[in-house]
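Structure for this input, please:
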Amino acid sequence: MTSCTLFEFDSVVASGPGATGHTVPPQVFAWLESQCLADDDGAPSWLKVSQRGKLKAIRFANYVGVVRASCGFQIEILPKIGKKSSADEARARLLEMLQSLAEFRHIKIADAQLATVRMPLLEVFIKQFLGEVSTVVKRGLRSDYIVQEGNLPALRGKLLIGRHLSQNLVRPDRFYSSHDEFCQDRAENRLIHSALRSVLTICKTFENQRLARELCFVFADVPTSKDVKRDINRVQLGRGMGYYAAALEWAKLILAKLSPIVGTGAQQAQSLLFPMEVVFEAYVGKHLARQLQAIFTMDAQSSRHYLVGHREARWFKLKPDLVVRDRHTNRVVLDTKWKLLDATKDNARDKYQLSQGDFYQLYAYGHHYLDANGIIVLIYPKTDAFSLPLPVFNFPKSAGMRLWVLPFCLSTSKLILPDTGQLDIYFGNQAA
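Numbering: from 1, shown residues only. Okay, here's the model as predicted:
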């Protein structure tokens with residue numbers, strides 16, 4: 001076994017006697033445990049040591065993506081909302097949601113392809129990169145004039161007097177000179193070539209390996225990057241080089257060890273993990289803007305207000321995920337939460353699985369952004385257990401403020417509105 005697929009908040013144990021459920025080889029479990037036990041500043045937030053029966057286990061938190069251990073073993077983590085469906089469907093949904101992130105806007109997968117994504121996420125990302133590099137190759141590698149220096153048998157370009165005299169006092173047949181050479185050795189090509197060499201060591205599907213080798217052959221005359229950071233700073237996508245953009249975005253990600261989050265310590269590994277709260281927020285913001293009525297605008301991550309003032313300073317920014325505005329007036333404040341609610345648990349003890357802290361947070365938003373008079377909204381993913389809006393919540397001391405808890409349908413990419421019509425003026429009645 002060289003890989004396994006899990007969902008958010010699943011846990012794994014080391015394979016062996018008595019091990020059940022999700023298992024990984026002992027050396028992989030030891031590597032995961034070493035990550036958990038790193039110093040406080042270095043321990044990843046996406047891994048926790050836990051217990052499964054009598055066995056020690058590693059539990060994965062609310063991050064999704066790919067973890068690649070130092071030995072090459074790959075762990076794919078998919079959104080928890082896909083547990084009742086297939087891994088293929090969960091993977092396809094995640095890829096669609098990732099396109100809402102600014103740094104992954106270059107993911108290009110058509111709706112028809114999303115339904116048939118069966119390869120692991122890491123291979124999907126590699127395939128995307130190789131496809132973009134193929135586009136670059138088809139349109140032609142760009143060359144540039146590169147300054148070359150050397151002690152040559154014939155004078156080319158400008159003679160560098162100082163270097164020439166120091167090296168050629170007894171070599172009249174040599175000329176230390178500087179000249180411009182038109183070649184493909186430029187930062188953009190070096191970065192892509194380096195990324196191609198990197199994916200060759202981690203891709204496992206035959207098709208990706210074959211294409212990576214073919215593309216490496218095309219870049220054979222281009223050296224790999226000796227200083228990735230410096231080459232990234234040298235990238236210049238000038239006129240006529242727009243077709244390089246997507247390939248370079250992937251190359252930068254790959255050369256950064258594929259990760260916003262990497263392993264710690266000496267055994268760093270290539271990983272690509274995303275906090276689902278951020279992914280869900282970006283996805284809702286992108287699609288809710290399309291559902292918004294034309295006369296309104298929407299601000300994301302507004303930070304106009306603070307909770308308290310102290311000695312002429314303002315402390316604790318209040319940053320709701322989304323604010324609907326009418327010219328200069330705030331109308332609706334919305335916040336997204338990547339949690340699974342259960343509408344059947346409507347008793348005083350379970351409270352639909354809602355968090356009291358979330359209500360306090362929205363209460364503060366409503367007072368500062370709406371002057372305690374308007375609509376605030378909590379948005380959660382739609383599930384079988386939470387498919388319709390909950391009855392409205394009122395605040396006894398703020399009669400003009402109402403809070404709605406609404407499901408967002410990931411299949412239709414639309415917010416499901418209450419039947420009362422109170423939100424139709426802002427979003428229209430486009431419920432899934």
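
Name the secondary structure element that contains the closest residue to Leu200 other than its chain neighbours.
Spatially, and ignoring its direct neighbours in sequence, Leu200 is nearest to Ala212 (4.9 Å; C-beta to C-beta, 6 or more residues apart in numbering). Every residue, glycine included, has its C-beta placed from N, CA and C. Assigned by DSSP states H and E, Ala212 belongs to helix 206-218.

same thing with Asn151?
Counting by DSSP H and E, Asn151 is part of strand 144-152.

Looks like Cys183 contacts Leu141 (just checking).
No - the pair Cys183 / Leu141 is not scored as a contact, 10.1 Å apart, by C-beta atoms under 8 Å.

Give me the more crowded residue out of those two.
Relative neighbour count places Leu141 above the other of Cys183 and Leu141, with 17 against 14, counting by other C-beta atoms under 10 Å.

give me every residue that touches the more buried one.
By C-beta atoms under 8 Å, 6 or more residues apart in numbering, the contact set of Leu141 is Gln184, Asn189, Val218, Phe219, Val222.

cool, and Arg163?
Glu149, Tyr176.

which parts of whichever strand or helix holds it are buried?
Here Arg163 sits within helix 161-168, counting by DSSP H and E. Residues of helix 161-168 classed as buried: His164 (neighbour count, 16 or more other C-beta atoms under 10 Å).

And the residue nearest to Leu200, how close does it get to Tyr243?
19 Å (C-beta to C-beta, to the nearest Å).

among the contacts of Leu141, who's most crowded?
Asn189 (24 neighbours).

Please name the residues that touch that residue.
Leu141, Arg142, Phe219, Val222.

Looking at those, which is nearest Asp326?
If you rank the contacts of Asn189 by distance to Asp326 using C-beta to C-beta, Arg142 comes first, at 47.8 Å.

got the residue ranges for the helices in the stretch 1-150 of the chain?
Under the criterion DSSP state H, counting those that start in this stretch, helices of the stretch 1-150 of the chain are mapped to 26-36, 87-98, 111-114, 121-139.

correction: the stretch 151-300 of the chain
161-168, 187-200, 206-218, 228-234, 245-255, 276-291.

Just give me how far the fifth one sits from the chain centre.
In terms of C-alpha atoms, centre = their mean, to the nearest Å, the gap separating the centre of helix 245-255 from the centre of its chain is 13 Å.

on that earlier part again, partner strands of the strand holding Asn151 and their direction?
Looking at strand 144-152 with DSSP bridges, its partner strands are strand 175-183 (antiparallel).

If you count neighbours, what's buried in the longest strand seen in the chain?
Taking DSSP state E as the criterion, the chain has its longest strand at strand 398-409. By neighbour count on 16+ other C-beta under 10 Å, the buried set for strand 398-409 is Ser398, Met401, Arg402, Leu403, Trp404, Val405, Leu406, Pro407, Phe408, Cys409.

picking that back up, lowest-confidence stretch among the helices of the stretch 1-150 of the chain?
Here the helices of the stretch 1-150 of the chain differ in mean pLDDT, and the lowest is helix 111-114 at a mean of 44.

Any chance of a markdown table for the helices of the stretch 1-150 of the chain, columns distance to Thr5 and mean neighbour count?
Below are those laid out as a markdown table (distance: least, C-beta to C-beta, whole Å; neighbours: other C-beta atoms under 10 Å):
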| stretch | distance to Thr5 | mean neighbour count |
| --- | --- | --- |
| helix 26-36 | 14 | 18 |
| helix 87-98 | 5 | 20 |
| helix 111-114 | 17 | 11 |
| helix 121-139 | 9 | 20 |
